[in-house]
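>>> Here is a sequence together with a model predicted from it:
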Amino acid sequence: MPESKHLRYALYALYALAACAILWLFIRYALPWLLPFILAFAISRLIEPAVSFLVQKARFRRTAASGLCTLIIFSALVTLTALAIGRAVIELTAFLRRLPSLLKDLSNVFSTLGAHVENFVSNAPEEIQNYLNGMLDGFVKKSAELPAELSARLLPLLSGAAKITPRFLVFFITCAISTYFISSGYAEVRAFILRQIPRDKHRAFKELKNDLISTFGKWLKAQLMLSGITFAEMAAAFLFMRIEFAILLALLIAVVDALPMLGSGTILVPWAAVSLISGDTRFAFGLVLLFAFNTVLRNILEPKLIGVQIGLPPFATLLALYIGFCAAGVLGMILFPLGLILLKHLNDKGYIRLWKS
């Protein structure tokens with residue numbers, strides 16, 4: 001390292017920029033190509049105890065044991081996906097049947113809102129009535145154009161989904177076949193990877209691997225627990241409030257709540273506002289109360305489940321979220337914090353020196 005303090009700081013800054021650039025290039029270009037094989041290796045590692053048990057205790061051949069475990073895992077994934085899609089189709093079919101009545105209720109809400117707005121404009125000072133009327137006319141014009149605009153945007157989404165489906169099938173099949181091949185020759189694959197690492201670094205590599213798996217496992221476990229708590233909380237509340245499509249809505253809110261920079265308020269607050277305008281004050285109050293309870297509970301649990309376990313400062317997490325969003329959108333908001341966690345552990349263990357711990 002240079003003796004000059006300023007040169008050392010400049011070198012640390014270059015290391016940090018290089019690490020960020022490599023992370024961005026990996027996420028942007030390499031990860032989409034390597035993801036099925038990375039997942040296949042991870043799944044092979046997970047099923048290795050079961051495969052070893054079948055080989056050693058049940059006297060299976062390695063290929064047969066790997067094939068059986070791979071078949072069970074991916075059959076379970078297909079079954080769960082089919083059940084989820086089937087339930088979603090049932091809920092969406094019921095929703096479409098109710099859509100005309102829901103649109104009628106929404107029309108009544110807009111009529112009530114329009115009456116309130118007109119009353120407000122008529123009671124406003126004459127000096128600003130023309131300005132308010134102009135804004136109101138513009139809003140009405142935009143509202144009239146909204147269905148056509150939504151239809152124009154929906155068609156590309158549907159065509160995009162149709163294009164993604166074959167790619168997803170190829171991804172799924174590639175991952176399944178790769179899992180079988182890697183699991184069948186797991187010892188050889190593991191030995192090949194270790195041969196690429198100097199022998200004196202094997203112990204450090206093993207410790208690093210264990211640390212990363214432990215950290216990622218804690219992060220994933222915390223996220224799944226938070227999403228599960230949100231889903232259970234929303235489902236119970238919606239069933240108690242006798243809301244139609246309770247399970248589907250609870251699942252939707254749990255997914256939205258898990259996305260960075262979004263939350264349950266993205267759905268619950270506008271829903272409460274519409275209910276309040278339509279005159280259902282009690283229902284609106286229930287939604288606001290549910291939103292407040294979920295927000296408080298999440299703010300209490302999230303630092304304990306994520307921050308305490310992983311040890312990532314809130315400001316650093318926010319910085320990674322913002323940079324990830326600028327670089328790669330929503331996917332970057334998920335992957336960049338994970339990359340920062342990786343860099344933190346590498347730095348804490350002394351494998352790299354980007355900052356002083």
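Received the coordinates, thanks.
>>> from here on, contacts and neighbour counts on C-alpha atoms
OK.
>>> burial count for residue 334?
Residue 334 has 17 neighbouring residues, counting by other C-alpha atoms under 10 Å.
>>> Okay, strands next: where are they in the stretch 201-350 of the chain?
In the stretch 201-350 of the chain, no segments count as strands under DSSP state E, counting those that start in this stretch.
>>> can you pull out the helices in it?
Along the stretch 201-350 of the chain, the stretches classed as helices by DSSP state H, counting those that start in this stretch are 202-240, 246-258, 265-277, 281-302, 308-310, 314-348.
>>> so residue 65 touches residue 51, yeah?
Yes - with contact defined as C-alpha atoms under 8 Å, residue 65 and residue 51 form a contacting pair (5.4 Å).
>>> who's more crowded, the two?
Neighbours per residue (other C-alpha under 10 Å) separate residue 65 from residue 51, with residue 51 holding more: 27 against 24.
>>> what's the average pLDDT for stretch 192-199?
In this model, stretch 192-199 has an average pLDDT of 76.
>>> Sorry, wrong one. I was asking about stretch 335-355.
On average, the pLDDT along stretch 335-355 is 71.
>>> Pull the contacting residues for residue 290.
234, 237 (C-alpha atoms under 8 Å, 6 or more residues apart in numbering).
>>> Equivalent analysis for residue 180, please.
By C-alpha under 8 Å, 6+ apart, the residues touching residue 180 are 44, 66, 67, 70.
>>> which two in these are spaced the farthest apart?
Greatest spatial distance among these (C-alpha to C-alpha): 44 and 67, at 11.0 Å.
>>> Settle it for me: which of those two has more neighbours?
residue 44 (25 against 19).
>>> With adjacent residues omitted, what lies nearest to that one?
Leaving aside its chain neighbours, residue 44 sits nearest to residue 183 (5.1 Å; criterion: C-alpha to C-alpha, 6 or more residues apart in numbering).
>>> who touches that neighbour in this structure?
Each residue near residue 183 by C-alpha under 8 Å, 6+ apart is listed here: 41, 44, 45, 48, 66.
>>> So which of these sit within helices?
By the criterion of DSSP state H, membership of those in helices covers 41, 44, 45, 48, 66.
>>> count of residues packed around the third one?
The reference is to residue 45. By other C-alpha under 10 Å, neighbour count at residue 45 equals 17.
>>> The one 5 residues further on now?
Residue 50 is flanked by 14 other residues according to other C-alpha under 10 Å.
>>> Now it: closest residue in space that isn't a chain neighbour?
residue 69 is the one closest to residue 50 (C-alpha to C-alpha, 6+ apart), at 7.3 Å.
>>> Now for the one you found, how many residues are close by?
Residue 69: 20 neighbours (other C-alpha under 10 Å).
>>> Which of the helices or strands spans it?
helix 62-123 (DSSP states H and E).
>>> hang on, the earlier thing: can you tell me which of the helices of the stretch 201-350 of the chain the model trusts least?
helix 308-310 (a mean of 60).
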